[in-house]
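[1] give me a 3D structure for the following:
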Amino acid sequence: MTRSKQAGTGRMRRHTLRGAAVFITLASLGAAAHGGGERCAEAVRSRPGQITVAASVLLGPPMICHEILIGKARSLPWDGGRGGSSSSYNIEKLPSEAAALLAAEPSAIVRMETLRRAAVYLSHDESDRAHALAWEFIGRRAGAVLSGEASGKIDPQAWFDVAYFIGCLNQVGLGKIVTLGEADGIPGYRFMLKAIEEAEKSQLNAGMLAQMHFGAAVMSHPAMRHKNYQYAIGTVNDVYDRHVLAALKSSKDDQLLETNLSAHLRNFGSSIDDVRKVAAAGK
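    Next up is the predicted model:
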């Protein structure tokens, strides 16, 4: 056993939550490098946010390179072209069309995929036009946030959309143009916490709140925040753990959430059953 593996094993033994742990290492990420079947390496190109798993494997950021499964729900066009996107899509329409889709969609899971697609489309254009379109889109959803705040009818979902999109921009390599709402080293995460706080205050149904926690988990994945980080769910008090476990509470009652949470954990070398053991051990 190498010295680094021994150190990781030692940490796991010292901190394991009552003997149950979901062990994730950067070396285990290579199995998910296909990005849900998309050409993710092409979509995000060679950007600083990417994670080198091995000399021959490049894994893109969790928010961008792992497709959110939404079934037949409506989202931006996606036909398997560059990074999965549609080569014929006019990105000039993106701010208005994406904002309209989000405003009409109650599911945070479906909105996550729309936001991911929007960021991928913008990443294809390295001109100032992409920057302007990103800001226009943020302005549309931020407008919904301001309207809700002014009327006393706060919209947690609009807060969520702004937060998640800022995270997507950061992970696709456009984060330098938007540095808002950073917390715990995660761009947009302060806004995500606000979304969850307001969802709890407004007594948004438990399923929708759990979906928001899943979005927060994808956004805060340790692989994006720790270089050469050996990690096990349940061994450290990480923000990612808290969001995964909060999402898990309602996942059995939400097939879309269950499917995506399972896929997310599997992509990073774990399983939903493993995490349930951690949750049970922590009671």
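[2] got the contact list for the spatially closest residue to Val239 that is not a sequence neighbour?
    Spatially, and ignoring its direct neighbours in sequence, Val239 is nearest to Ser220 (5.0 Å; C-beta to C-beta, 6 or more residues apart in numbering). For glycine as for every other residue, the C-beta is placed from the backbone atoms N, C-alpha and C. Ser220 makes contact with 184, 186, 189, 238-240, 243 under the criterion C-beta atoms under 8 Å, 6 or more residues apart in numbering.
[3] same question, Ile91
    Contacts of Ile91 (C-beta under 8 Å, 6+ apart): 121-122, 124-125, 129-130, 133.
[4] for Gly207, same thing?
    Taking C-beta under 8 Å, 6+ apart, we find Gly207 in contact with 250, 253-254, 257.
[5] quick one: it from Asp238, how far?
    Distance of Gly207 to Asp238, computed by C-beta to C-beta, to the nearest Å: 24 Å.
[6] and the helix or strand harbouring Phe160, C-alpha only, in PDB?
    Phe160 belongs to helix 156-172 when assigned by DSSP states H and E. C-alpha atoms of helix 156-172 as PDB (Å, rounded to 0.1, in the frame of the first residue of the first chain):
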ATOM      1  CA  PRO A 156     -36.800  30.200  -3.400                       C
ATOM      2  CA  GLN A 157     -36.600  28.700  -6.900                       C
ATOM      3  CA  ALA A 158     -35.400  31.900  -8.500                       C
ATOM      4  CA  TRP A 159     -32.600  32.100  -5.800                       C
ATOM      5  CA  PHE A 160     -31.800  28.500  -6.600                       C
ATOM      6  CA  ASP A 161     -31.500  29.200 -10.400                       C
ATOM      7  CA  VAL A 162     -29.200  32.100  -9.900                       C
ATOM      8  CA  ALA A 163     -27.000  30.100  -7.500                       C
ATOM      9  CA  TYR A 164     -26.800  27.000  -9.600                       C
ATOM     10  CA  PHE A 165     -26.100  28.900 -12.900                       C
ATOM     11  CA  ILE A 166     -23.200  30.800 -11.300                       C
ATOM     12  CA  GLY A 167     -21.800  27.500 -10.100                       C
ATOM     13  CA  CYS A 168     -22.200  26.100 -13.600                       C
ATOM     14  CA  LEU A 169     -20.400  29.100 -15.200                       C
ATOM     15  CA  ASN A 170     -17.600  28.600 -12.700                       C
ATOM     16  CA  GLN A 171     -17.200  24.900 -13.500                       C
ATOM     17  CA  VAL A 172     -17.400  25.300 -17.200                       C
END
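[7] going forward, the N-terminal residue is numbered 706.
    With 706 as the first residue, the last one maps to helix 861-877.
[8] against which helices or strands is it packed?
    Here helix 861-877 touches helix 745-749, helix 767-770, helix 813-828, helix 833-856, helix 894-906, helix 911-924, going by 3 or more C-beta pairs under 8 Å, 6 or more residues apart in numbering; DSSP states H and E.
[9] quick one, which of these is nearest to Ala805?
    Between Ala805 and the helices and strands packed on helix 861-877, the shortest gap by C-beta to C-beta is with helix 833-856, which sits at 8.9 Å.
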